[in-house]
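Engineer: just coords:
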């Protein structure tokens, strides 16, 4: 009985480490990053300005800068939202911002099988401490991402803080944030967000 319980626990632990939430933002009228490669089971959080949405389209619509939604495809409201793994089957997903598709505001999500190689995954080169945090936290960044901008989102995907990594070690005042779970993401980098808990 102990072997079965231990195996079940290890399976659950392994599964929780496999799934990742990827964050896509916008920089003006472009999605950032415009193309990501994820693993089946991951989800994607669109964190967009209020004038942008993300709607899945077919490849020919995408190539023509059109905006006709793909039947059964994912759709986020204006301002973005979370796209669940159940909406991201293995293959290539083309999406656009409906009001700005004609201007070329579009992106691609490539979903690989779990045995595939994650081309865009880079090991996290920034860390956050203490975690959980009370009134402040510190971001420690590798030299080659110093100068990058970052943002913090709450559980709904709303940006609650935007800043710039000016130094290798940077303190952040989070006293204004309510208790809960937040994600810290480097803007324009294909890196996994870091989860932090505010006490």
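Structural biologist: Received, thanks. Everything numeric here is computed off the predicted structure, so don't read it as measured data.
Engineer: show the contacting residues for residue 179.
Structural biologist: Applying Cβ atoms under 8 Å, 6 or more residues apart in numbering to residue 179 gives the contacts 198, 199. Quick note: C-beta positions are derived from backbone N, CA and C, even for glycine.
Engineer: all helices for this protein, in order.
Structural biologist: Assigned by DSSP state H, the chain shows helices spanning 2-18, 59-63.
Engineer: which elements pack onto the last one?
Structural biologist: Spelled out, it's helix 59-63. Helices and strands touching helix 59-63, by 3 or more Cβ pairs under 8 Å, 6 or more residues apart in numbering; DSSP states H and E, are strand 91-96.
Engineer: now the strand it packs on: average pLDDT?
Structural biologist: If you average the pLDDT over strand 91-96, you get 93.
Engineer: who does that strand pair up with?
Structural biologist: If you go by DSSP bridges, strand 91-96 pairs up with strand 54-57 (antiparallel), strand 106-112 (antiparallel).
Engineer: between the helices of the chain, which gets the lowest average pLDDT?
Structural biologist: helix 2-18 (a mean of 41).
Engineer: most centrally placed residue in this structure?
Structural biologist: In the chain, the C-alpha nearest the mean C-alpha coordinate belongs to residue 23, at 1.6 Å (Cα atoms, centre = their mean).
Engineer: how about it: which residues does it bridge to?
Structural biologist: The partner list for residue 23 in beta bridges (DSSP bridges) reads residue 45.
Engineer: do I have it right that it meets residue 187?
Structural biologist: No - the criterion here is Cβ atoms under 8 Å, and residue 23 misses it with residue 187 at 9.2 Å.
Engineer: show me how the record splits this protein into domains.
Structural biologist: Domain ranges of the chain: 19-112, 126-198, per automatic domain parsing.
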